[in-house]
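**Q** sequence isn't available, so here's the structure alone:
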């Protein structure tokens, strides 16, 4: 069966510091991968999605970036964090466009 | 564009009460519809889904029917338990332009069930 992992689970970072969040999927090949952000008391916002290695689409222009160095690895990065980057970051995968998305456990990021 | 509207929370019910969480959508074409549940501090779990009109999704006593004529996908459960306390998200997967399909979420409804 397929599983999705995210780490770290919780992160506290100062403003202006860099960020790297990692997501890996097991048990499937060539998944579509997604990064979402969930701000406190709000819904989910799609940040990036990827249909294959090195293929990244950005949904929201901001100081975050994403990379997919391997088939089942998706990384969310920032060179300099802002206070507004605080939130709950969720990674998800699907078999293809329009297919059911399955979510990881999330990373809670607090920028101080 | 695609959009999902679900009832504002929070919703507080007594154990064994009947639950309805309303969800309506706007989309081009024929989207798939989903309900996800998020327990405190966790990621989203797929609760149920329906892929075409008149389909009924069901899981763990929850049900929702894809109603194309009313563009709705209301979530129901006949008898809620304390363990059902969570945030529930309605979502659709539909064409969003430029050859891509995206998942569009409602804002979530927080359910609290008290003994």
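**A** On my side now, so go ahead. Keep in mind it's a predicted model, so treat the numbers as computed, not measured.
**Q** following the chain onward from the helix or strand bottoming out on mean pLDDT in chain B, which element is next?
**A** Across the helices and strands of chain B, mean pLDDT, DSSP states H and E gives its lowest value to strand B:100-105, namely a mean of 84. Using DSSP states H and E, the helix or strand that follows strand B:100-105 in sequence is strand B:109-114.
**Q** show me what counts as buried in that following strand.
**A** For strand B:109-114, the neighbour count (16 or more other CB atoms under 10 Å in any protein chain shown) marks B:109, B:110, B:111, B:113 as buried. Placement of C-beta: from N, CA and C, glycine included.
**Q** stretch B:70-89 too?
**A** In stretch B:70-89, counting by 16+ other CB under 10 Å, buried: B:71-75, B:77, B:80, B:84-89.
**Q** for that stretch, measure first residue to last.
**A** Start-to-end span of stretch B:70-89 (CA to CA, to the nearest Å) is 19 Å.
**Q** now stretch A:10-19
**A** 12 Å.
**Q** hmm, it touching chain B?
**A** No - contact of stretch A:10-19 with chain B (CB under 8 Å from any CB of the partner chain) is absent, the minimum separation being 9.6 Å.
**Q** neighbouring contacts of that stretch?
**A** For stretch A:10-19, contacts defined as CB atoms under 8 Å, 6 or more residues apart in numbering or on different chains pick out A:21, A:64, A:76-83, A:85, A:107-112.
**Q** check stretch B:2-16 too.
**A** Contacts to stretch B:2-16, defined as CB under 8 Å, 6+ apart, come from residues B:19, B:21-28, B:31, B:79-82, B:87-92, B:94, B:96, B:102, B:104-115.
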